[in-house]
Each structure stands twice: as structure tokens, then as C-alpha cells.
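>>> The following block contains a protein sequence and its predicted model.
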Amino acid sequence: MAEPSNITGASLLSAAGAPGVNADETINAALDFVREHLNMEVAYLSEFVGDNLVFRAVSAPGFEEMVAVGGSMPLDQVYCRHILAGRLPELIPDTGAEPLCQSIPLTHAIPIKSHVSIPIRRSDGTPYGMFCCLSRTAQSDLNPRDLEVMRAFANLSADQVNEKLAVQIQRSEIFATIQHVQENQLFDIVYQPIMDAGSRRPKGFEALCRFKSEPYRPPNLWFDDAKTVGLQAELEIAVIERALAALNDLPPEIYVSVNASPDTVASGALSDVFAPWPSERIVLEVTEHSMVSSYETLLNNLDLLRFSGVRLAIDDAGAGYSGLQHIVKLRPDIIKLDISLTSQIDTDVVRRSLGAALVRFAREIDAAIVAEGIETGSEFDTLNELGVPLAQGYYLGRPGSLDAAKAWFSHQTRQIRA
């Protein structure tokens, strides 16, 4: 048999478990290997879909008109069912020696002179499809050892197929769960005060989502799952719509801050979401835990929102990918210092120096600055000394219900205990 020029069976089997080698790459490499090893023109992996065979992966250089990924053929016109039933062998060196092959029109149409095919099975044992090689030349020297080579790579491909099927099942389950949560509003909105550092009275509230699930999972995991299955924007918008309803119950000078990912902002959907509400009372916090795919698209949609009066805040500044480049490009109205910077800022000279630099930077670009994650009076005092005008954290007020947010204004003398 002819040996492949650029890969060996051992190296392919080793690479199958290597990081960065995905299922499609492994299957395609396996098909290339067996086709060259058996000196055949066509190799493919198929899936049975109803009464058809569908080609899922193909190695057939020069014979693309014969077989292509996504193409299909009726199962009653090919060998597959006969091989599964044992009416045809898996290894056929010469189809001329098999009367059943000769009775199938496809044998003469291509023509098929030699054929090797191994069933691919799902994890539960049911047939998925076939791992197949064929040639328009009879191969009288094909032997059981060649069949074992074919079977080894068919098994390798079956593992990859079943991993892909498992991922598809998992994605379908996640999709259904996220859709159910979104459609049935299975989450609560809590509001954490953003305080004026001088008066220690709320200037606004950040709306935070809490999902109703057992066991409890942090909100970021829900949004990560939603992104995985393409429902990130839909879920974020459902949460934002619920959160903005608080504007009906809070004093007119109080704003509500909502969170959205760059992709959701770039989708352009938020203009319609914000339209029913007084835009000057909305702050949009752009969460930045992943790379921005297109700053141009993001900026164009942000410009439309800001033109209407919505203010822009950069969330988690100092954490993740939120570097100065991101802040410079978006030119936010508000910069929010992440808890990783504000925590222990009273005792850490590096954090204090960076905080002071960001306060000066915010003044230079005419942006307000909010310190998040304040948990002690000493942290609050240090940030106040640095000139941070707005503050947020457990020391000042924990996230609570809308009724708790409204209570800040029904007790006019309420103060944070120093």
C-alpha cells in the first residue's frame, strides 16, 4: 500500500489527543491517511439521516464532483445497509466478485471496483454512519491487516463524532434552559446604591441580576452559557428591560445603571430597549470580560445611544481586558474602578498610586469616577481623600430589592454609619 507523504498513523493517533486538534481536523486527517494508505481515490465519513446517507467529511482530491461535504444519497442505493446486515463484507477487494455489489447500479455508475467500509456507532451502540474508502480500480492485495488499519481510524473518528454529538446535546440543553429562563423571567433584579461620597446619599443604583436556580450559580456563568449558545443579547436585554422598570418608582433625579456586553451593544438592539425611558436616567455599563470583535461597530452604536442622552460607564476598570486603550477608545462618561484595585487601597501604596492616577486621568477626559467594592471605612476614607466622588460597595449599601432602594428616599435622615 502507498504510504502517506506528510503524516503517519502513529503521529495521527498521537495528535488526536493533543491540545488544539479539534474533531473535524482529526477526522479529515484520518480520512486522508486511510485513503493514501489504501491507495484509493475517495474516503468519507457519512451520517445516516432518515433514509439518506449524508457526507459529513470527505477526502477525494480530484473527485470532488463525485462526493462533497453536505451531499447525500438514498441509503437503498449504496452498500451501507448491506454491510450493517452482514450481506456484504466490510472489506471488498474486488466488487466484481460480489454478486450483490453487481446488482447495485451505483457500482457501475461510478464505477466502484474496491470498497472498504466500517460502521460508525454512537455511544449507545446505534449506527451513526460509515467510515468508507472506495476506488475505481480493483485492489486484489487488500488484506485483513488493511481492514484493521481502517478499523483503527474508524474507531478514532467515532470517538470524535461522539464527542461532537455530546457537545451538541449539551448545547441543546443549555439553549433550552436559557430560553426557558428568559421567557419565564426566572430571575430577580436587585439594586445596589451608587453613593455621593460627600453626602453619602444615592445618586443612582446599579441593577444586578440574580437567577432563580438550584443549585445556585453566579450570574456570570448564566451569561457565559447564553453566549455559548448565541442567546447572550436576548438574555441581557430581558434583564435590562426588567431592571429599567425601577425608573417608575425611583425619584426623577436618580439613575439606574444596567450592564451589557460589547456584543449586545454592537447588535444595535439597545436603542429600542431604552426608547421608552428617560435616557438621562440611564447609565450603560459596558462589561469587558472578552475581546471586542469590532470597535467600529461598537462605537457607532454607542454614539447613537449617547446622542439620545444615555451615559456610558466602563465597568471593572483595572480588571480583565479593560485597559487604558479600551477606555481611550470608548471615552466613557463614567469610569468604575474594579474591586481588585479598591480592595485594601488604604494599606497598599501601589493600589493607592494607581487609583490616584486614574482619578487624574478621569478629570482630564471629563469623566466621573466610581469606586466599586468598598468594604471598609478606611477604604472609603482613602478613596475620598484621593478625590473619588462616587462610591459603591457593601460598606455603603448591599444589593437589595426595589423596595429597599425606595426606602433610601423615605427616610430623609438616613446616613451611613461612619
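Sure thing, it's come through.
>>> Please count neighbours and contacts with C-alpha atoms only from this point.
OK.
>>> Could you list the buried residues of the longest helix along the chain?
In the chain, with assignment by DSSP state H, the single longest helix is helix 144-183. Judged by neighbour count (16 or more other CA atoms under 10 Å), helix 144-183 contains these buried residues: 146-147, 149-162, 171, 174-175, 178-179, 181-182.
>>> In the stretch 51-200 of the chain, what residue spans correspond to strands?
52-59, 72-74, 91-92, 114-121, 127-135, 187-196 (DSSP state E, counting those that start in this stretch).
>>> List just the one of the ones you listed that sits closest to residue 37.
Distance to residue 37, taken as CA to CA, is lowest for strand 127-135 among the strands of the stretch 51-200 of the chain, at 10.4 Å.
>>> What strands line up against that closest one, and which way round?
If you go by DSSP bridges, strand 127-135 pairs up with strand 42-49 (antiparallel), strand 114-121 (antiparallel).
>>> what about the last one, average pLDDT?
With pLDDT averaged residue by residue, strand 114-121 scores 97.
>>> now the first one
Computed over strand 42-49, the mean pLDDT rounds to 97.
>>> Using PDB, list the CA coordinates for that strand.
C-alpha atoms of strand 42-49 as PDB (Å, rounded to 0.1, in the frame of the first residue of the first chain):
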ATOM      1  CA  VAL A  42     -12.200   8.600  -2.200                       C
ATOM      2  CA  ALA A  43     -12.600   8.400   1.500                       C
ATOM      3  CA  TYR A  44     -15.500   9.800   3.500                       C
ATOM      4  CA  LEU A  45     -17.400   9.700   6.800                       C
ATOM      5  CA  SER A  46     -21.100   9.700   6.500                       C
ATOM      6  CA  GLU A  47     -24.200  10.100   8.700                       C
ATOM      7  CA  PHE A  48     -27.500   8.300   8.300                       C
ATOM      8  CA  VAL A  49     -30.300  10.900   8.300                       C
END
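>>> For it, which outside residues touch it?
31-32, 34-35, 53-61, 63, 75, 127-135 (CA atoms under 8 Å, 6 or more residues apart in numbering).
>>> State the pLDDT value of residue 5.
The model's pLDDT for residue 5 equals 39.
>>> going forward can the numbers begin at 52, since that is how I track them
Understood, numbering begins at 52; the last thing we discussed is residue 56.
>>> are any of the contacts of strand 93-100 buried, and which?
82-83, 85-86, 104-111, 126, 179-186.
>>> Let me know whether my guess that residue 446 is in a helix holds.
No: counting by DSSP: H, G, I helix; E, B strand; the rest coil, residue 446 is not part of a helix but coil.
>>> Now it, what are its backbone angles?
Backbone torsions of residue 446, given as degrees, to the nearest 10, read phi -60, psi -30.
>>> how about the residue lying closest to it once chain neighbours are set aside, what does it touch?
Leaving out its chain neighbours, the residue that sits closest to residue 446 by CA to CA, 6 or more residues apart in numbering is residue 426, at 4.5 Å. Residues in contact with residue 426 (CA under 8 Å, 6+ apart) are 394, 444-447.
>>> any idea whether residue 426 is helix, strand or coil?
Residue 426 ends up coil, using three-state DSSP.
>>> The one 4 residues further on too?
Judged by three-state DSSP, the three-state class of residue 430 is helix.
>>> Skipping its backbone neighbours, what lies nearest it in space?
residue 397 (5.1 Å).
>>> which ones are touching that neighbour?
Residue 397 sits in contact with 403, 429-430, 433-434, where contact means CA under 8 Å, 6+ apart.
>>> Max pairwise distance over those: which two?
403 and 429 (12.4 Å).
>>> Looking at those two, which one has more neighbours?
residue 403 (20 against 15; other CA atoms under 10 Å).
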